[in-house]
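*Asks:* Sequence and computational prediction follow.
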Amino acid sequence: DQNKLTGRTLKPGGFFLIGGVLLFFDRAMLAMGNILFLIGLTIIIGPQKTFTFFARKQKAKGTAAFFSGLALILMRWPLIGFCVELYGIMILFGDFLGTIAGFARNIPVIGPYIGTAVDRSGVVARQNADLPV
């Protein structure tokens, strides 16, 4: 089942990325998290769509930053590599921030707090904010 397989690669990927940051940018954990992230993305949308996503002309700067950051992490520059990679992720996945923020607002208990923080930060402009529905 594809959903089970996807969860098995995305969850450890997030674990390794967060663990790598918490352990003062541990190079091995960050690299493992990135590899598992790419594997999970490939399993979710397929190899051809993954390649197409990263190869789009309008996302070239984000793709270059993401893979340059990964290379810097592997070349023992984890802090700089993580920052470059984070910039690439923001460019690549910035279009999805509105969707992610909308999903986070629906999380029980902490959702309203996340929604308030997102609104105050101004990172994501709410679409149709003046509509009552």
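*Replies:* Perfect, thanks for sending it.

*Asks:* Grab the nearest non-local neighbour of C83.
*Replies:* G69 (7.4 Å; CB to CB, 6 or more residues apart in numbering). In short, each C-beta sits where N, CA and C put it, glycine included.

*Asks:* didn't the one you found look like it was pressed against G81?
*Replies:* Yes - contact status for G69 versus G81: in contact at 4.6 Å, counting by CB atoms under 8 Å.

*Asks:* State the distance from G115 to A101.
*Replies:* 7 Å (CB to CB, to the nearest Å).

*Asks:* Need the residues touching each of the two.
*Replies:* The overlap between the contact sets of G115 and A101 (CB atoms under 8 Å, 6 or more residues apart in numbering) is empty.

*Asks:* Mean pLDDT per helix and strand in the protein: which one sits at the bottom?
*Replies:* In the chain, no helix or strand scores lower on mean pLDDT, DSSP states H and E than helix 2-22, which sits at a mean of 57.

*Asks:* tell me the average confidence for the next helix or strand after that one?
*Replies:* The helix or strand immediately downstream of helix 2-22 is helix 27-45, counting by DSSP states H and E. Helix 27-45 carries an average pLDDT of 82.

*Asks:* where's the most centrally placed residue in the chain, which helix or strand?
*Replies:* Centroid check for the chain by CA atoms, centre = their mean gives I89 as the closest residue, at 5.7 Å. Assigned by DSSP H and E, I89 belongs to helix 78-93.

*Asks:* mind checking pLDDT for the closest residue to T63 other than its chain neighbours?
*Replies:* Take T63 and drop its neighbours on the chain: the residue closest to it by CB to CB, 6+ apart is F54, 4.7 Å away. Note on F54: pLDDT of 91.
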